[in-house]
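> fold the following and give me the result.
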Amino acid sequence: MKSKIYPLRFEAILKERIWGGEKLKTILNKPITSNITGESWELSTVEGDVSVIANGEYKGTALSELINEFPNEILGTAVYKRFGNQFPLLFKYLDAREDLSIQVHPNDELAKKRHNSFGKTEMWYIMQADDDARIIVGFKDNSNAEEYLKHLKDNTLVSILDDVKVKPGDVFFLETGTVHAIGAGLLVAEIQQTSDITYRLYDFDRKDANGNTRELHVDLALEAINYKKVNTYKEYSKEVNQSNSIVACPYFTTNFIPLENDKKVENTGLTFIVYMCIEGTFEIEYDAVTYSYRKGDTVLVPAAMKSYDLRGKASILEIYIS
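Sure thing, here's the model as predicted:
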């Protein structure tokens with residue numbers, strides 16, 4: 001690269017949602033301006049919502065511009081070979097003051113055919129949970145389109161879906177086709193493919209401030225749904241100062257790092273690494289410069305940063321492409 005490479009932070013892209021609240025500000029210090037802010041997009045190249053760098057020499061530059069100029073150095077040689085200039089992942093924090101709609105995401109094949117988009121495999125890390133907070137993940141038992149449509153028509157869809165009580169630290173991995181909903185009272189870190197394709201199945205007959213209900217996508221969803229019972233909960237170890245595997249799939253690998261003092265990281269240059277700070281504070285020391293992060297921060301470490309140190313006391317999600 002023509003100038004010194006360094007860890008990249010980004011301006012939060014804040015989204016008002018009918019189900020949003022204020023935890024992104026009160027817990028994660030995001031600069032929200034309304035009491036219905038549901039999402040902070042931390043790292044995105046979705047069209048119309050491209051992240052802008054917030055620190056250092058490239059402050060004010062769109063991530064897509066930097067990738068176009070330095071694809072191998074930012075993405076990594078293997079990621080660039082596979083995805084071209086497309087940043088393949090999207091990182092968010094979500095605050096659900098109310099239940100989100102019951103929804104489903106299409107797989108790569110269907111999303112490509114219908115929307116010229118990636119599918120949307122995703123995972124949730126539960127950062128904070130109010131008492132009795134719950135999520136919906138898949139069907140209680142194997143189902144089929146006929147049964148699903150009958151319950152949808154009768155307003156009893158929730159009765160055949162798997163309703164799970166959750167607590168902080170729980171992780172759920174949702175493959176495409178899994179019917180799901182984040183429940184009220186949850187603050188969630190979400191990692192997903194770069195896609196904004198969602199089919200909304202049921203929205204609890206909610207109306208917005210103008211008295212309108214939100215669009216449903218019942219017909220589009222029929223072909224996208226996996227009607228089989230699925231296991232989405234992920235158990236993982238928490239060995240201190242180690243990268244403990246949570247999810248390893250074709251789209252992303254996510255590890256959990258309980259950082260107690262310091263950890264040296266050696267990268268191959270094949271992939272970028274992203275860190276989401278979900279508790280505490282930590283630093284990256286690289287090339288004799290120290291970069292500091294706190295709970296709620298997300299940082300992209302370019303692939304060209306091949307050796308650096310993590311220091312501090314924090315719980316961190318570490319994400320890359322295998």
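
> and residue 190, what element?
Secondary-structure assignment from DSSP states H and E places residue 190 in strand 186-193.

> beta partners for the closest residue to residue 239 other than its chain neighbours?
Nearest in space to residue 239, with sequence neighbours left out and distances taken as CB to CB, 6 or more residues apart in numbering, is residue 258 at 7.4 Å. All C-beta spots, glycine's among them, are computed from the backbone N, C-alpha and C. Taking DSSP bridges as the rule, residue 258 bridges to residue 315.

> so residue 14 belongs to a helix, correct?
No. Looking at residue 14 with DSSP: H, G, I helix; E, B strand; the rest coil, it is strand, so not inside a helix.

> tell me who's in contact with it.
By CB atoms under 8 Å, 6 or more residues apart in numbering, the residues touching residue 14 are 24, 30-33, 37, 39-41.

> how much space between it and residue 38?
Distance, residue 14 to residue 38, using CB to CB, to the nearest Å: 9 Å.

> try residue 152
Taking CB to CB as the measure, residue 152 and residue 38 are separated by 24 Å.

> who's more crowded, these two?
residue 38 (25 against 17; other CB atoms under 10 Å).

> the more buried one: what's it in contact with?
By CB under 8 Å, 6+ apart, the residues touching residue 38 are 15-21, 94-97.

> between the residues you listed, which is nearest residue 175?
residue 94 (18.9 Å; CB to CB).

> for that closest one, list each beta-bridge partner.
Bridge pairing for residue 94 - DSSP bridges - gives residue 39, residue 188.

> run a quick neighbour tally on the nearest residue to residue 234 once chain neighbours are set aside.
Nearest non-adjacent residue to residue 234, counting by CB to CB, 6+ apart: residue 171, 4.4 Å away. Close neighbours of residue 171, defined as other CB under 10 Å, add up to 20.

> any idea how far apart the tips of stretch 299-306 sit?
Length of stretch 299-306, first residue to last, CA to CA, to the nearest Å: 15 Å.

> pLDDT of that stretch, averaged?
Per-residue pLDDT values over stretch 299-306 give a mean of 97.

> chain center to it: distance?
The chain centre lies 19 Å from the centre of stretch 299-306; the measure is CA atoms, centre = their mean, to the nearest Å.

> picking that back up, possible to save the contacts of residue 14 as TSV with secondary structure and neighbour count?
What follows is those, written out as TSV (DSSP: H, G, I helix; E, B strand; the rest coil; neighbours: other CB atoms under 10 Å):
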residue	secondary structure	neighbour count
24	helix	24
30	coil	19
31	coil	11
32	coil	23
33	coil	8
37	strand	24
39	strand	22
40	strand	22
41	strand	23
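
> tell me which of the residues you listed is nearest to residue 283?
residue 30 (20.9 Å).

> quick check: pLDDT value at that closest one.
Confidence for residue 30, expressed as pLDDT, is 98.

> that one and residue 68, how far apart?
Residue 30 is 28 Å from residue 68, by CB to CB.

> and if you look at residue 202?
According to CB to CB, residue 202 stands 40 Å off from residue 68.

> pick out whichever of the two has more residues nearby.
Under the criterion of other CB under 10 Å, the comparison of residue 202 against residue 68 puts residue 202 first, with 19 against 11.

> what number of residues lie near the closest residue to the more buried one other than its chain neighbours?
Nearest non-adjacent residue to residue 202, counting by CB to CB, 6+ apart: residue 102, 4.4 Å away. A count of nearby residues for residue 102, using other CB under 10 Å, gives 20.

> quick check, pLDDT for residue 102.
pLDDT recorded at residue 102 is 96.

> what's the answer for the one 3 residues further on, then?
Residue 105 carries a pLDDT value of 95.

> same check on the one 3 residues further on?
On pLDDT, residue 108 comes in at 88.

> what sits against it?
Contacts for residue 108 (CB under 8 Å, 6+ apart) come out as 118-119, 176.

> distance between the strand holding residue 190 and the chain's centre?
Centroid separation between strand 186-193 and its chain, computed with CA atoms, centre = their mean, is 4 Å.

> for that strand, packing partners?
Judged by 3 or more CB pairs under 8 Å, 6 or more residues apart in numbering; DSSP states H and E, strand 186-193 is in contact with strand 89-96, strand 122-129, strand 273-286, strand 307-320.

> which parts of the last one are buried?
Residues of strand 307-320 classed as buried under the neighbour-count rule (16 or more other CB atoms under 10 Å) are 308, 310-312, 314-320.

> just to revisit the earlier point, gap between the residue nearest to residue 202 and residue 144?
Note on residue 102: its distance to residue 144, by CB to CB, is 17 Å.

> same deal with residue 211?
35 Å.

> out of those two, which sits in the busier spot?
For residue 211 and residue 144, the more surrounded residue by other CB under 10 Å is residue 144, and the numbers stand at 12 against 6.

> since we're on the closest residue to that one other than its chain neighbours, how many residues are nearby?
Nearest residue to residue 144, sequence neighbours excluded (CB to CB, 6+ apart): residue 227, at 5.3 Å. As a burial measure, residue 227 scores 18 neighbours (other CB under 10 Å).
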